[in-house]
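Novice: The following block contains a protein sequence and its predicted model.
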Amino acid sequence: MKKTLLSATFGALSLGVAFVAPAQAADVSACLITKTDTNPFFVKMKEGATAKAQELGVTLKSYAGKIDGDSESQVAAIETCIADGAKGILIAASDTKGIVPQVQKAREAGLLVIALDTPLEPADAADATFATDNLLAGKLIGQWAAATLGDKTKDAKVAFLDLTPSQPTVDVLRDQGFMIGFGIDPKDPNKIGDEDDPRIVGHDITNGNEEGGRTAMENLLQKDPTINVVHTINEPAAAGAYEALKAVGREKDVLIVSVDGGCPGVKNVADGIIGATSQQYPLLMAALGVEAIKKFADSGEKPKPTEGKDFFDTGVSLVTDKPVSGVESIDTKVGTDKCWG
Amino acid sequence: MSEPTAVSQPAQEFEKVLSDSSRQLASFDTDDKTAIQKLQHFLHSHPAGVPLIVLLLSIIIFGSILGTKFFSAFSLTLILQQVAITGIVGAAQTLVILTAGIDLSVGAIMVLSSVVMGQFVFRLGMPVEIAILCGFGVGALCGFVNGWLVARMKLPPFIVTLGMWQIVLASNFLYSANETIRAQDISTTAPLLQIFGANIRIGNAVFTYGVIAMVLLSIGLWYVLNKTAWGRHVYAVGDDPDAAELAGVNVKKMLMSVYVLSGLICALAGWALIGRIGSVSPTAGQFANIESITAVVIGGISLFGGRGSIMGMLFGALIVGVFQLGLRLIGTDPQWTYLLIGVLIIAAVAIDQWIRKVAG
């Protein structure tokens, strides 16, 4: 008696599922997995994706790690998305190598996986990568700094304020890109710290925040107080470096360059605290990603990379109020219109 | 008649052996201790001794390797500036750990307080003095919740503060929408927020108000912990809460007051943090809880409660600062700093266990 009741229940359940399933297939659902929910960069990314999803009638579910580097939460999120029957996943991976097996599983289950902002390792583990050209971002600020210094470039003293000790790809690309732009031989362009140019005072880590930026700047100034160019991984680190320079009265004669293009950062460029910054476009990244998933769900067509690059370049522009010839740039007014966070 | 012979010839057979027995009177052990035991005793009575020795040694070693680049008034006071935040948060952590608790939420409380101080001025347009008071109020409230859950609900401090860490940090991000308030805006509208970044220069030595606050706070708490009834009760509660209760200490009230005070000190750290980084940043201070526990442990304060000196925590924080600056100036990979700090933590706890075994 009990058994029949149970099987009847199961029957009803599976019938229910059978009825529901086609209804789900009709509208496209997608997942957005970011590193954290707190970094304004990813907050903006989520905004862009949500707006685009609403416009296209895509159901978007967002997941995030608890902190930057929390890969477990991202693994769980991918598993949830597969179980949920999503058509595609947009992911900014915390652990670019470690996440690959899960990404593989998702692709085998028929999902389109697009890496946002951070390429996976290897990059072709995802169906496509939508990202800023971080090497170009670094090159632009390097070229700008070199052109601004003019003749003094050859005796410059450069400090590098990097991200974390593990040297994630974006850190390496921006750091080495700056060197190429500035005219320093980067040796192995996949490695920070193997260079022997005497103009390099040193590299220190900032964790990408104000506190780390200030401490790192203090440390490097201690190593060589004549530093006159500072490359920073992002604008919060640049703001911290500025505080350290101000404390020793050197804020006027040091050139700070950065990457990101967040609104406080662009404002700092307008105020002359940061000389120039390379602006990237997270909102666009996510919006294009949602579009690509929708297209894939409708026609099965996968996005193609930008010509000559192994990823889809979502663009980068140099923001500065002191343009130099030979380096294309936008001023802070335009930069403010496009800024995020 | 037989009396005179009784001594030489006992009446009973079994008493014969008595004449061979010791005739010495009972006496105390002489105080002959080996050098090691003396050291053990010294460290037992001076818990800040080990970190102080390690601190001086590390300054001498780095000084001899790096010369004046490291061993100058400017560099040494720079280390003080770099550890000021950890030192202030460490003072809060010390109080809690002395009661055999632990506070994982200190960093989060610090950041939330600093965000409240900033946003109340910039979003609500409050006068800066009131906003700062509100920041302290938020710190005290968080501490009160921690204390209430630990003392009244009898929940383990680790669990309570693990939960509060998440709750406070999430509230911080929700409330601030992760907006940074720029240093330049603060210095034009509410310079009082940056007061702890101002400094006094004596020659090449630079003392920010944040550093002075850290030192004064540590000395003040040292006095309170050692010379007042409240302070002795903190130790008593940490050592043995049941014994303290029987001796008439209101353990619940003590715990509440310790957590509330800890919250207030975190708010002070939040204010000092604005001075240090210039801006109000909701993402700052992510590792303040771990850094403060590191300072406390290297400072020789027992995680089992009831033993240790707040000065030890200050030395512990400075040791970490010395290693960080010294190793960066030598130019090693930052990972070596973390590796050495790990070694220091384990060595500190091992020494603590050894000191606990001291006899008498």
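Specialist: Here it is on my side, so go on. Residues are numbered from 1 along each chain as shown, chains lettered A, B, ... in the order given.

Novice: quick one: contacts for the closest residue to residue A:309 other than its chain neighbours?
Specialist: In space, and not counting its chain neighbours, residue A:309 is closest to residue A:133: 7.0 Å by Cβ to Cβ, 6 or more residues apart in numbering or on different chains. C-betas here are computed from N, CA, C, even on glycine. Taking Cβ atoms under 8 Å, 6 or more residues apart in numbering or on different chains as the criterion, residue A:133 is in contact with A:309, A:311, A:313, A:316.

Novice: What segments of the stretch 151-300 of chain A are strands?
Specialist: Secondary structure of the stretch 151-300 of chain A (DSSP state E, counting those that start in this stretch): strands at A:158-162, A:200-205, A:229-232, A:255-260, A:276-280.

Novice: Now those strands in CSV, please, with extra columns for distance to chain B and mean pLDDT.
Specialist: Formatted as CSV, the entries for these read as follows, by distance: least, Cβ to the nearest Cβ, whole Å; pLDDT from 0 to 100:
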stretch, distance to chain B, mean pLDDT
strand A:158-162, 9, 95
strand A:200-205, 5, 92
strand A:229-232, 14, 97
strand A:255-260, 12, 95
strand A:276-280, 14, 95
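
Novice: Please name whichever of those strands is nearest to residue A:38.
Specialist: Smallest distance to residue A:38 across these (Cβ to Cβ): 15.3 Å, for strand A:255-260.

Novice: May I ask you to confirm that residue B:71 is in contact with residue B:63?
Specialist: Yes. Counting by Cβ atoms under 8 Å, residue B:71 does reach residue B:63; the two are 3.6 Å apart.

Novice: CA atoms of stretch A:45-56 as CSV?
Specialist: As requested, the backbone C-alpha atoms of stretch A:45-56 are provided in CSV (Å, rounded to 0.1, in the frame of the first residue of the first chain):
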residue,chain,number,x,y,z
MET,A,45,29.8,43.9,-14.1
LYS,A,46,26.7,42.5,-12.4
GLU,A,47,24.7,45.7,-13.1
GLY,A,48,25.7,45.5,-16.8
ALA,A,49,24.7,41.8,-17.0
THR,A,50,21.4,42.3,-15.2
ALA,A,51,20.3,45.2,-17.4
LYS,A,52,21.2,43.4,-20.6
ALA,A,53,19.5,40.2,-19.4
GLN,A,54,16.3,42.1,-18.6
GLU,A,55,16.4,43.7,-22.0
LEU,A,56,16.8,40.4,-23.8
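
Novice: Quickly check: that stretch near chain B or not.
Specialist: No. For a cut-off given as Cβ under 8 Å from any Cβ of the partner chain, stretch A:45-56 has no contacts with chain B; the smallest distance is 11.3 Å.

Novice: where along the stretch 151-300 of chain A do the helices fall?
Specialist: A:169-182, A:210-223, A:235-247, A:263-270, A:282-299 (DSSP state H, counting those that start in this stretch).

Novice: Chain B contacts on the stretch 151-300 of chain A?
Specialist: So far as Cβ under 8 Å from any Cβ goes, the stretch 151-300 of chain A lies against chain B at A:165, A:193, A:202, A:204-205, A:207, A:209-211, A:214-215, A:218-220, A:222-223, A:236, A:239-240, A:242-243, A:246-247, A:264, A:267-268, A:271, A:273.

Novice: mean confidence for stretch A:311-322?
Specialist: Averaging pLDDT along stretch A:311-322 yields 93.

Novice: Identify the residues contacting residue 233.
Specialist: Went with chain A since none was named. For residue A:233, the contacting residues are A:161, A:162, A:163, A:171, A:174, A:175, A:206, A:208, A:258, A:259, taking Cβ under 8 Å, 6+ apart as the criterion.

Novice: wrong one, chain B
Specialist: Residue B:233 makes contacts with B:244, B:249, B:254, as judged by Cβ under 8 Å, 6+ apart.

Novice: coming back round to it: now the helices of the stretch 151-300 of chain A in JSON lines, with mean neighbour count and mean pLDDT?
Specialist: Converted to JSON lines, these look like this (neighbours: other Cβ atoms under 10 Å in any protein chain shown; pLDDT from 0 to 100):
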{"stretch": "helix A:169-182", "mean neighbour count": "24", "mean pLDDT": "93"}
{"stretch": "helix A:210-223", "mean neighbour count": "26", "mean pLDDT": "93"}
{"stretch": "helix A:235-247", "mean neighbour count": "27", "mean pLDDT": "94"}
{"stretch": "helix A:263-270", "mean neighbour count": "24", "mean pLDDT": "93"}
{"stretch": "helix A:282-299", "mean neighbour count": "22", "mean pLDDT": "92"}
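
Novice: Turn the ones you listed into TSV, columns for distance to residue A:129.
Specialist: Formatted as TSV, the entries for those read as follows, by distance: least, Cβ to Cβ, whole Å:
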stretch	distance to residue A:129
helix A:169-182	11
helix A:210-223	27
helix A:235-247	24
helix A:263-270	24
helix A:282-299	10
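
Novice: Would you tell me which of those gets closest to residue B:109?
Specialist: With respect to residue B:109, and counting by Cβ to Cβ, the nearest of the helices of the stretch 151-300 of chain A is helix A:210-223 at 16.4 Å.

Novice: Give me the angle between that closest one and strand A:255-260.
Specialist: 150 degrees (axes from the mean of the first three to the mean of the last three Cα atoms, to 10 degrees).

Novice: what does the stretch 201-350 of chain B have sitting close to chain A?
Specialist: Within the stretch 201-350 of chain B, the positions lying close to chain A (Cβ under 8 Å from any Cβ) are B:206, B:273, B:276-279, B:281-286, B:324-325, B:328-329, B:331, B:333-335, B:338.

Novice: again, only using 6 Å
Specialist: In this structure, the stretch 201-350 of chain B approaches chain A at residues B:277, B:278, B:279, B:281, B:283, B:284, B:328, B:329, B:334, B:335, judged by Cβ under 6 Å from any Cβ of the partner chain.

Novice: for the stretch 1-150 of chain B, same thing?
Specialist: When proximity is defined as Cβ under 6 Å from any Cβ, the stretch 1-150 of chain B approaches chain A at B:75, B:78, B:82.

Novice: Next one: the first one from residue B:63, what distance?
Specialist: When you say that, I think you mean residue B:75. The spacing between residue B:75 and residue B:63, counted by Cβ to Cβ, to the nearest Å, is 9 Å.

Novice: what's the closest non-adjacent residue to the spatially most central residue of chain A?
Specialist: By Cα atoms, centre = their mean, the mean C-alpha position of chain A lies nearest to residue A:117, the distance being 3.9 Å. Spatial nearest neighbour of residue A:117, chain neighbours left out: residue A:92 (4.7 Å); criterion: Cβ to Cβ, 6+ apart.

Novice: ok, residue A:266 - contacts?
Specialist: If a contact means Cβ atoms under 6 Å, 6 or more residues apart in numbering or on different chains, then residue A:266 has A:319, A:332, A:335, A:336, A:339 as its contacts.

Novice: how deep is residue A:84 tucked in, by neighbour count?
Specialist: Counted by other Cβ atoms under 10 Å in any protein chain shown, the residues lying close to residue A:84 total 12.

Novice: what pLDDT does it get?
Specialist: Listed pLDDT for residue A:84 reads 87.

Novice: And residue B:71 and residue B:63? Which one has more around it.
Specialist: More neighbours sit around residue B:63 than around the other of residue B:71 and residue B:63, counting by other Cβ under 10 Å; the figures are 18 against 15.

Novice: Quick check: which element contains that one?
Specialist: Residue B:63 belongs to helix B:49-66 when assigned by DSSP states H and E.
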